[in-house]
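Visitor: After the sequence you'll find the predicted model.
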Amino acid sequence: MRKLAASFRFSLFLAFMLLGQGMPAALGVEPGGNALEESRNTVGDYSEEAFVMEHTSDRFQFENDGTYTREIRFRIRIQSQAGIEHFSVVQFAYQKSADDFGVDFVRVTKKDGTVVPSPSDTFQDMPADITRQAPVYSDEREMHVAVKGLGIGDVLEYQAHWRNTKPLIPGQFWLNYNFAHHGIVVEEVVEVRLPRGRAIKLKSATLQPVTAESGQYVTYTWTSSNLKDPDDKTQKQDDQKRAWQQTRGRMPEPDVELSSFANWEELGRWYESLQRDRLKPSAAIQAKAAELTKGLSDENAKVRALYDFVSTRYRYIGVVFGLGRYQPHQASEVFENEYGDCKDKHTLLASLLSAAGIKAYPALISSTHEVDQDVPSPAQFDHMITAVPQGTGYLWLDTTTEVGPFGFLIPQLRAKHALVIPDGKPALLVETAADSPFPTSERFNMKATLSDGGVLDGHVEDTERGDSEVFLRAAFRVVPLPQWKDLVQRISYGLGFSGDVSDVNVTPPEKTGEAFQVSYDYKRKDYSDWSNRRITPPLPQMTLPQVDDEITPTAPIWLGTPGEFVFNATIEVPKGYSPNFPKAVHLTNDFAEFDSRYSFDSGVITAERRLTIKLREVAVSEYPEYKAFRKAIQDDSNTYTSLSIGKASSNPSAYPNEIWNLPYSEKPEAARLYDDARAQYQRQDVQGEIASLQKAVEIDPKFVRAWLWLGEIYKANGQSDHALEAYRKA
C-alpha cells in the first residue's frame, strides 16, 4: 500500500531526507543573515553537519471557498560534498489541473557575496511518479531545478508559490503539518491565514501559535527550531519506537492539525454525496452478481463470492485516498476496466452486493495513524475499505490486497477507528477487528535422508495461514509461473537453507479460501557441519524481533498476530550413527511459549520446535524476560547435534562435542567471524582460522565457544601458553 500524503502533510524532515520526493518546504532570511552564527554561540558547533537549515518559512492563506495560496522559502548553508549532492537538484510538486504554480528563484550566494542564479533553462517540468503509474487518477507534476554553482560554504536559497484555483472540496480546507525533529534547523516559521469568523478545528499539542488579526483574516504563526541531533543511544531508542509505530500503523499525530469541517457527520455527508450515484448496479453488474451467487442461500456465502471476485479479478491501482481526486468512478466503469483504486474497488463491491440485496458502506481509514477524533478532516485518511453490517457490528473487507482471505485486514488496519458512512445516516467512527478472521499458523515439515557422504536429500511442505500467507500469495501472484522455482530458492535461502530446491509446487495464490502451501525437494551437499560429524536439524530459524542490549526500549516489542508455528524434521542418518542430542527446551511466558524436542528411533532423528505467540506485543517492563526468551530460542537453533558410532546419548559426552553445543554469540559480527573460522577450518587454513576467532573474541569477550575452540587450536599447534590463556578466558 502506498503511503503518500493526502492533501497537505508537510514535514521538514522530508525536506531533509527526501527533498525531491514532492514535499517542498520553505525559508525566509535574506543573504548575509547571522542566524547560524547566533545559534552556534548559544547551542554548539555545526561544522560537521552536511548542511544546516538556517531559516525556513511556509505560509498558507485559505479562503472560504476552499481555494488557497502557499509560499515557501528556504535558506540552507552547504558544508560538505554530501550537502552538495543532496541539494544539487531541488524539486517541487504541484497538481496541474488545480494549481497555478511557479518557482520565484533558486540562487546560490558564494562566500565573497557573489550571487549565482539558476536560469530557466535548468528548470524541467515532468509528470510525478504517481502520474506516470496511474495517469487516470492523478495529474501531479514535479518541477526539477538543477542548482547552478553550488559549492561547499555556499548558501542556497529558493522560493516557490502555489495558487489553488480548484479546491478538492469546495468550501472546505484542512492542513496537517509536522515541524522538523531531525537535522539542524535554526529557525522554522509556519504561518496560516484564515478568513475571520470562519469556524475551524485547530489542534497544536507540541507548540502553541501566536494569533493576530488583520483585515479579513486571522493569522496563526508558529516558530520552531531543532538545534541538536539526538545522541546514538537516543537515536536507537527513537528508531525502535518508530519501527513499532510503523508496524502498528500508530505514527504520532501531526504537530499541527486544522480543519474547517465541523464534525465527522458533516465529513461523512460530503463523501456520501460523492459516491451515491456511482453505486447503482448496471445490467451487467446485476447479471454478474446473479451468476456469482447462484445457488447460494446463505448471505455470508454470497458476500464471500462477490468479495473473491472483486479482490482477485480486479487489479488494484495503488493510489492513496484523496490524492488527485476523491470521487470514485462509476461502478459500471470499474466493472468494465477491471482495475481501480481503493474507493473504486469498494464501489464495485458495494454495487455487486446491492444487486444481491446486501448493504455495504464505505469506511475511511488510515494505514499510518490512529484517527484523532478531535479534528474531523480528510487528511486523517489514506485508504478505504468496505463495512458490511452484520448484527450489531460490521464485517470488514479490503479488496485491495487482491489475495487477502475473506475478512482479512493487514495489521496496520486492525483495531483502528474507521469512518463508516451508512446510506442516509450519520457517519460514525467504528473500531475495526483486532484479530485476523482465523488463527495465524505455520506448519513446516521436512522429511530427509542423510548419506554417508554428508548429502541431505529432503522434501519440504510448508503450510501458512495469516499475515505471512498474504505476503507470500502476493509474491507468487506477481512472479511468472516459470520463475516460481527461483522465488522458492530465494525463500529457502531466507529461511537459512543454503542448498538447492527443485520440483516446486504452490497453491494457486487466488485460492484464498484454503491455507497457502509451498512444497519442494531440497538437496544440500556437506550438510550442516558433516565434516565434523555434527548437524543441526533442517528447520527454519524461529525469528523474533531483534533487541538492542545498549538501549532501554521506549515502546512495546511487536510480536504480531497471536498464533502457533510448528516446525518438524525427520532425518534418516547413515547406518551405525547415533546422535548426542542437546537438551530439550521448554519455555513459558505470558507473551509466548516455546518447546523443542529431539528423539531417535530406528536410525531416524526427529526434531520438533513449536512457538506459540500469545500476545501481540511485549510490554516495555518485560524486556528482560523477552531478551532471555529470544536468546534461549536462538541457542537452541544454533546448537549442533553430534553424531557418533555407537549407542545414542541424551547429552554430549565428549569434550569437543561440549564445545560445539555451546551457544553462539549474540553479537552478529562475532557470530559471522566464528562461521568464517569454521570455513577456514575445512580449508585447513589454520592462520585464517586463528585470526577470525581472535577478532570474534575481541568483539565479544564472553564468547566462550570461540575461546575454547581457540584454545584447542593453540594446543594442537604446540602453543601451550596461548592455549592456557584462551582456556582461562573461557
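Guide: Nice, I can see it. Just so it is clear, the model here is predicted, and its values are computed rather than measured.

Visitor: going forward, measure contacts and count neighbours with C-alpha atoms only.
Guide: Will do.

Visitor: which SS class is D121?
Guide: Look at D121: counting by DSSP: H, G, I helix; E, B strand; the rest coil, its state is helix.

Visitor: Can you read off the pLDDT for it?
Guide: Confidence at D121, expressed as pLDDT, is 92.

Visitor: likewise P553?
Guide: Listed pLDDT for P553 reads 84.

Visitor: Going by secondary structure, it is in what exactly?
Guide: Assignment of secondary structure by DSSP states H and E places P553 within no helix or strand.

Visitor: Can you report how many residues neighbour it?
Guide: 20 (other Cα atoms under 10 Å).

Visitor: Thought Q235 was touching it, still the case?
Guide: No - using Cα atoms under 8 Å, P553 is not in contact with Q235; the gap is 11.3 Å.

Visitor: Other residues contacting stretch 360-370?
Guide: 3, 246, 248-253, 343, 346, 350, 353-354, 371, 380-389, 412-413, 416-423 (Cα atoms under 8 Å, 6 or more residues apart in numbering).

Visitor: do that again at 7 Å, thanks
Guide: Outside stretch 360-370, the residues that touch it by Cα atoms under 7 Å, 6 or more residues apart in numbering are 246, 249-252, 346, 350, 353, 380-389, 412-413, 416-422.

Visitor: and what of stretch 235-252?
Guide: By Cα under 7 Å, 6+ apart, stretch 235-252 touches 367-370, 411-412, 551, 553-555, 557-558.

Visitor: and those, which are buried?
Guide: 367-370, 411-412, 553-555, 557-558 (16 or more other Cα atoms under 10 Å).

Visitor: Mind putting the residues you listed into a markdown table with distance to I645 and secondary structure?
Guide: As requested, the buried ones among the contacts of stretch 235-252 are exported to a markdown table (distance: Cα to Cα, whole Å; DSSP: H, G, I helix; E, B strand; the rest coil):
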| residue | distance to I645 | secondary structure |
| --- | --- | --- |
| S367 | 58 | coil |
| T368 | 58 | coil |
| H369 | 60 | coil |
| E370 | 61 | coil |
| P411 | 50 | helix |
| Q412 | 53 | helix |
| P553 | 48 | coil |
| T554 | 52 | coil |
| A555 | 51 | coil |
| I557 | 45 | strand |
| W558 | 45 | strand |
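
Visitor: ok, so of these, who is nearest Q719?
Guide: The closest of these to Q719 turns out to be P553 (Cα to Cα; 44.8 Å).

Visitor: Isn't that closest one up against V620?
Guide: Yes - taking contacts as Cα atoms under 7 Å, P553 lies within contact range of V620: 6.3 Å.

Visitor: what's the burial count for the spatially closest residue to A671 that is not a sequence neighbour?
Guide: Spatial nearest neighbour of A671, chain neighbours left out: S665 (5.4 Å); criterion: Cα to Cα, 6 or more residues apart in numbering. Counted by other Cα under 10 Å, the residues lying close to S665 total 25.

Visitor: so S665, which of the three states?
Guide: Of the three states, S665 takes coil under three-state DSSP.

Visitor: Give me the phi and psi angles of it.
Guide: phi -80, psi 150 (degrees, to the nearest 10).

Visitor: separation between it and Y674?
Guide: Applying Cα to Cα, to the nearest Å, the value for S665 to Y674 is 9 Å.

Visitor: With I184 instead?
Guide: To Y674, I184 is 41 Å away according to Cα to Cα.

Visitor: low-confidence ranges in the stretch 451-600 of the chain?
Guide: Nowhere does the stretch 451-600 of the chain drop to pLDDT under 70.

Visitor: which stretches of it form helices?
Guide: Using DSSP state H, counting those that start in this stretch, the helices found in the stretch 451-600 of the chain span residues 467-478, 484-494.

Visitor: quick one: which of those helices is nearest N337?
Guide: helix 467-478 (19.5 Å).

Visitor: quick revisit: now the two most distant members of the contacts of stretch 235-252.
Guide: The distance between the two most remote of these (Cα to Cα) is 28.2 Å, for S367 and I551.

Visitor: Where does pLDDT dip in the chain?
Guide: 1-44, 320-324, 646-661, 682.

Visitor: hang on, the earlier thing: now flag whichever of the buried ones among the contacts of stretch 235-252 is closest to E698.
Guide: So of the buried ones among the contacts of stretch 235-252, ranked by how close each gets to E698 (Cα to Cα), first place is P553, at 26.5 Å.

Visitor: got the contact list for that closest one?
Guide: Taking Cα under 7 Å, 6+ apart as the test, what P553 contacts is 237, 240, 620.

Visitor: Could you tell me which of those are located in helices?
Guide: Counted as lying in helices by DSSP state H, out of the contacts of P553, are 237, 240.

Visitor: Weed out the non-buried ones from the contacts of P553.
Guide: In the contacts of P553, the ones that pass as buried (16+ other Cα under 10 Å) are 237, 240.

Visitor: any chance of the contacts of P553 in JSON lines, plus distance to Y46?
Guide: Output for the contacts of P553, formatted as JSON lines (distance: Cα to Cα, whole Å):
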{"residue": "Q237", "distance to Y46": "23"}
{"residue": "Q240", "distance to Y46": "26"}
{"residue": "V620", "distance to Y46": "35"}
